[in-house]
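A.B. asks: Quick check, what structure comes out for this input:
(chains A and B)
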2 protein chains.
Amino acid sequence: MEKSIFYHAGCPVCVSAEQDIVRLIGESNVEVVHLGEDKNRINDAENSGVKSVPALVTPNGNVLHINFGASLSDVKG
Amino acid sequence: MEKSIFYHAGCPVCVSAEQDIVRLIGESNVEVVHLGEDKNRINDAENSGVKSVPALVTPNGNVLHINFGASLSDVKG
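C.D. replies: Model prediction:
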(Lines give C-alpha, C1' and ligand atoms only; values in the text may rest on other atoms or scores of the structure.)
Protein backbone atom coordinates (compact mmCIF):
# COMPACT_ATOMS: atom_id res chain seq x y z
CA MET A 1 0.00 0.00 0.00
CA GLU A 2 1.21 3.49 -0.81
CA LYS A 3 1.81 5.66 2.24
CA SER A 4 -0.64 8.10 3.71
CA ILE A 5 0.70 11.46 4.85
CA PHE A 6 -0.27 12.89 8.23
CA TYR A 7 0.22 16.65 8.42
CA HIS A 8 0.29 18.36 11.80
CA ALA A 9 1.74 21.39 13.54
CA GLY A 10 3.00 20.04 16.83
CA CYS A 11 0.11 21.12 19.06
CA PRO A 12 -0.80 18.72 21.89
CA VAL A 13 -4.06 17.85 20.17
CA CYS A 14 -2.22 17.11 16.91
CA VAL A 15 0.25 14.85 18.69
CA SER A 16 -2.54 12.93 20.35
CA ALA A 17 -4.31 12.44 17.01
CA GLU A 18 -1.00 11.44 15.44
CA GLN A 19 -0.46 8.70 17.99
CA ASP A 20 -3.94 7.34 17.33
CA ILE A 21 -3.53 7.43 13.56
CA VAL A 22 -0.10 5.81 13.64
CA ARG A 23 -1.40 3.09 15.95
CA LEU A 24 -4.42 2.41 13.73
CA ILE A 25 -2.80 2.54 10.31
CA GLY A 26 0.63 1.25 11.27
CA GLU A 27 3.81 3.31 11.47
CA SER A 28 5.17 1.95 8.19
CA ASN A 29 2.06 3.07 6.29
CA VAL A 30 2.09 6.76 7.20
CA GLU A 31 4.58 9.58 6.76
CA VAL A 32 4.29 12.19 9.51
CA VAL A 33 5.04 15.78 8.48
CA HIS A 34 5.38 18.56 11.07
CA LEU A 35 4.52 21.69 9.10
CA GLY A 36 5.87 23.96 11.81
CA GLU A 37 9.33 22.42 11.48
CA ASP A 38 9.17 21.57 7.80
CA LYS A 39 7.75 24.72 6.26
CA ASN A 40 8.74 23.82 2.72
CA ARG A 41 6.14 21.03 2.85
CA ILE A 42 3.31 23.54 3.35
CA ASN A 43 2.94 23.94 -0.42
CA ASP A 44 2.64 20.16 -0.84
CA ALA A 45 -0.04 20.09 1.83
CA GLU A 46 -1.98 22.93 0.24
CA ASN A 47 -1.73 21.34 -3.18
CA SER A 48 -3.14 18.13 -1.72
CA GLY A 49 -6.18 20.04 -0.47
CA VAL A 50 -5.25 20.27 3.22
CA LYS A 51 -7.21 23.13 4.84
CA SER A 52 -6.37 22.58 8.50
CA VAL A 53 -4.23 20.35 10.66
CA PRO A 54 -4.19 17.66 11.76
CA ALA A 55 -5.10 16.12 8.42
CA LEU A 56 -4.49 12.79 6.77
CA VAL A 57 -3.97 12.53 3.02
CA THR A 58 -4.81 8.99 1.93
CA PRO A 59 -2.92 7.06 -0.77
CA ASN A 60 -5.76 7.73 -3.23
CA GLY A 61 -5.53 11.46 -2.63
CA ASN A 62 -8.50 12.09 -0.35
CA VAL A 63 -8.00 14.48 2.54
CA LEU A 64 -9.43 13.61 5.95
CA HIS A 65 -9.46 16.69 8.18
CA ILE A 66 -9.35 15.46 11.74
CA ASN A 67 -10.64 17.44 14.70
CA PHE A 68 -9.60 15.52 17.73
CA GLY A 69 -12.19 15.87 20.51
CA ALA A 70 -9.82 17.58 22.90
CA SER A 71 -10.35 17.22 26.61
CA LEU A 72 -10.02 20.31 28.77
CA SER A 73 -6.73 18.97 30.08
CA ASP A 74 -5.44 18.88 26.51
CA VAL A 75 -6.50 22.47 25.95
CA LYS A 76 -4.89 23.56 29.21
CA GLY A 77 -1.76 21.44 28.66
CA MET B 1 -6.33 -5.17 18.43
CA GLU B 2 -9.68 -4.14 19.78
CA LYS B 3 -12.01 -2.68 17.15
CA SER B 4 -12.45 0.99 16.41
CA ILE B 5 -16.00 2.22 15.79
CA PHE B 6 -16.78 4.47 12.84
CA TYR B 7 -20.02 6.43 13.31
CA HIS B 8 -21.68 8.04 10.32
CA ALA B 9 -25.07 9.10 9.05
CA GLY B 10 -25.09 7.93 5.48
CA CYS B 11 -24.32 11.22 3.73
CA PRO B 12 -22.14 10.96 0.61
CA VAL B 13 -19.25 12.62 2.44
CA CYS B 14 -19.54 10.14 5.31
CA VAL B 15 -19.54 7.19 2.93
CA SER B 16 -16.44 8.49 1.20
CA ALA B 17 -14.66 8.93 4.53
CA GLU B 18 -15.86 5.47 5.58
CA GLN B 19 -14.30 3.87 2.53
CA ASP B 20 -10.99 5.60 3.23
CA ILE B 21 -10.99 4.63 6.91
CA VAL B 22 -11.92 1.01 6.22
CA ARG B 23 -9.21 0.79 3.57
CA LEU B 24 -6.58 2.29 5.88
CA ILE B 25 -7.39 0.48 9.10
CA GLY B 26 -8.65 -2.77 7.62
CA GLU B 27 -12.25 -3.92 7.50
CA SER B 28 -11.82 -6.42 10.34
CA ASN B 29 -10.54 -3.69 12.68
CA VAL B 30 -13.46 -1.30 12.48
CA GLU B 31 -17.17 -1.56 13.22
CA VAL B 32 -19.24 0.77 11.03
CA VAL B 33 -22.39 2.19 12.64
CA HIS B 34 -24.98 4.12 10.60
CA LEU B 35 -26.66 6.32 13.20
CA GLY B 36 -29.49 7.19 10.83
CA GLU B 37 -30.49 3.52 10.57
CA ASP B 38 -29.40 2.43 14.02
CA LYS B 39 -30.79 5.17 16.24
CA ASN B 40 -30.42 3.18 19.45
CA ARG B 41 -26.65 3.51 19.06
CA ILE B 42 -26.82 7.31 19.27
CA ASN B 43 -26.56 7.14 23.06
CA ASP B 44 -23.42 4.99 22.81
CA ALA B 45 -21.91 7.49 20.42
CA GLU B 46 -22.71 10.43 22.68
CA ASN B 47 -21.36 8.62 25.70
CA SER B 48 -18.12 8.01 23.81
CA GLY B 49 -17.79 11.75 23.21
CA VAL B 50 -18.87 11.87 19.57
CA LYS B 51 -19.99 15.42 18.70
CA SER B 52 -20.41 15.13 14.93
CA VAL B 53 -20.23 12.53 12.21
CA PRO B 54 -18.29 11.07 10.62
CA ALA B 55 -16.22 10.21 13.68
CA LEU B 56 -13.91 7.38 14.62
CA VAL B 57 -13.70 6.11 18.19
CA THR B 58 -10.35 4.39 18.68
CA PRO B 59 -9.83 1.25 20.79
CA ASN B 60 -8.33 3.38 23.58
CA GLY B 61 -11.41 5.59 23.66
CA ASN B 62 -10.20 8.68 21.82
CA VAL B 63 -12.60 10.32 19.39
CA LEU B 64 -11.33 11.51 16.02
CA HIS B 65 -13.88 13.83 14.42
CA ILE B 66 -13.33 13.68 10.71
CA ASN B 67 -14.30 16.42 8.32
CA PHE B 68 -13.75 15.03 4.90
CA GLY B 69 -12.64 17.75 2.50
CA ALA B 70 -15.75 17.54 0.38
CA SER B 71 -15.59 18.51 -3.26
CA LEU B 72 -18.46 20.52 -4.71
CA SER B 73 -19.61 17.45 -6.60
CA ASP B 74 -19.92 15.63 -3.27
CA VAL B 75 -22.03 18.43 -1.85
CA LYS B 76 -24.23 18.52 -4.95
CA GLY B 77 -24.44 14.71 -5.18
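A.B. asks: Can you list the buried residues in the longest helix seen in chain A?
C.D. replies: Secondary structure assigned by DSSP state H gives helix A:12-25 as the longest helix of chain A. Buried residues in helix A:12-25, counted by 16 or more other C-beta atoms under 10 Å in any protein chain shown: A:Val13, A:Cys14, A:Val15, A:Ser16, A:Ala17, A:Glu18, A:Asp20, A:Ile21, A:Arg23, A:Leu24, A:Ile25. (Glycine included, C-beta is placed from N, CA and C.)
A.B. asks: now stretch A:45-57
C.D. replies: Neighbour-count burial for stretch A:45-57 [16+ other C-beta under 10 Å]: A:Ala45, A:Ser48, A:Val50, A:Val53, A:Pro54, A:Ala55, A:Leu56, A:Val57.
A.B. asks: Could you do stretch A:53-73 as well?
C.D. replies: Within stretch A:53-73, the residues that qualify as buried are A:53-58, A:62-70, counting by 16+ other C-beta under 10 Å.
A.B. asks: restrict these to contacts with chain B.
C.D. replies: With C-beta under 8 Å from any C-beta of the partner chain as the criterion, the buried residues of stretch A:53-73 include A:Ala55, A:Thr58, A:Asn62, A:Val63, A:Leu64, A:His65, A:Ile66, A:Asn67, A:Phe68, A:Gly69 near chain B.
A.B. asks: The fourth one and A:Ala55 touch, don't they?
C.D. replies: Spelled out, that is A:Val63. Yes. Taking contacts as C-beta atoms under 8 Å, A:Val63 lies within contact range of A:Ala55: 5.7 Å.
A.B. asks: quick revisit: which ones, among the buried residues of helix A:12-25, also lie beside chain B?
C.D. replies: Near chain B, by the rule C-beta under 8 Å from any C-beta, you find A:Ser16, A:Ala17, A:Asp20, A:Ile21, A:Arg23, A:Leu24, A:Ile25 out of those.
A.B. asks: TSV for the buried residues of stretch A:45-57, including distance to B:Asn40 and pLDDT?
C.D. replies: Shown next, in TSV, are the buried residues of stretch A:45-57 (distance: C-beta to C-beta, whole Å; pLDDT from 0 to 100):
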residue	distance to B:Asn40	pLDDT
A:Ala45	40	90
A:Ser48	38	93
A:Val50	36	87
A:Val53	35	84
A:Pro54	32	87
A:Ala55	32	89
A:Leu56	30	94
A:Val57	35	95
